[in-house]
Each structure stands twice: as C-alpha cells, then as structure tokens.
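[1] Sequence and predicted structure, then a few things I'm wondering about:
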Amino acid sequence: MSKDTFIDNLYRAATNMFSQFNTEEPLISEEASIMLSNAQTKEEIFEKILKKPTKGEVTLKHNGEDVVFFVEA
C-alpha cells in the first residue's frame, strides 16, 4: 500500500468515525483537510508522525510555512 493511500484511508476512517459525534466545530479542521490533500505534506506526515511516532510537538512544512502539530499517541 502506498503512503498516499495509507494516509487517505486513515483520514477517511477518522472522518467516518468522527461524523458520529455531534459537535459545533469540526473535529478535523479545514486546514488539516487541505494539508492532507498535498502530496509533499502527506510525505512529511508519514515520515515524521506515522513512521516514527513520538509524543509532543511535530513541525511540518506546508506551502512554505511551518505548521505545528501536537501528537498524543
């Protein structure tokens, strides 16, 4: 399975699971959705978060800007 397919499937599973909850704000932000549609950002997410998960802050580049994610697990 390719990295893109893996991340796409993970995103699809998360959005399906989260759609069962009733909240005023989306559980996956529009910014995160946009980032997940970018091939370079997907590669960074795979390498920095999924391949070698570590707890704490992870900085990714998206469209030339630093974006900080907090990873809990």
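    Here it is on my side, so go on.

[2] Can you identify the element that follows the helix or strand containing residue 31 toward the C-terminus?
    Assigned by DSSP states H and E, residue 31 belongs to helix 30-36. Going down the chain from helix 30-36, the next helix or strand is helix 39-45, by DSSP H and E.

[3] just to revisit the earlier point, alpha carbons of the helix holding residue 31, in CSV - could you do that?
    Output of helix 30-36 as CSV, limited to C-alpha atoms (Å, rounded to 0.1, in the frame of the first residue of the first chain):
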residue,chain,number,x,y,z
GLU,A,30,-10.5,22.6,7.2
GLU,A,31,-6.7,23.5,7.3
ALA,A,32,-5.9,19.9,8.2
SER,A,33,-8.1,18.6,5.3
ILE,A,34,-6.3,20.9,2.9
MET,A,35,-2.9,19.8,4.2
LEU,A,36,-3.8,16.2,3.7
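
[4] Show me what the mean pLDDT comes to for the longest helix anywhere in the chain.
    Once the chain is assigned using DSSP state H, the helix that runs over the most residues is helix 3-18. Helix 3-18 shows a mean pLDDT of 75.

[5] Just the buried residues of that helix, please?
    Across helix 3-18, burial judged by 16 or more other C-beta atoms under 10 Å covers 7, 11. Just so you know, the C-beta spots here come from the backbone N, C-alpha and C atoms, and that holds for glycine as well.

[6] Could you do stretch 35-44 as well?
    Neighbour-count burial for stretch 35-44 flags 35-36, 41-42, 44 (criterion: 16+ other C-beta under 10 Å).

[7] Adding pLDDT and distance to residue 7, write the residues you listed out as JSON lines.
    Below are the buried residues of stretch 35-44 laid out as JSON lines (pLDDT from 0 to 100; distance: C-beta to C-beta, whole Å):
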{"residue": "35", "pLDDT": "83", "distance to residue 7": "10"}
{"residue": "36", "pLDDT": "81", "distance to residue 7": "7"}
{"residue": "41", "pLDDT": "84", "distance to residue 7": "9"}
{"residue": "42", "pLDDT": "84", "distance to residue 7": "5"}
{"residue": "44", "pLDDT": "84", "distance to residue 7": "11"}
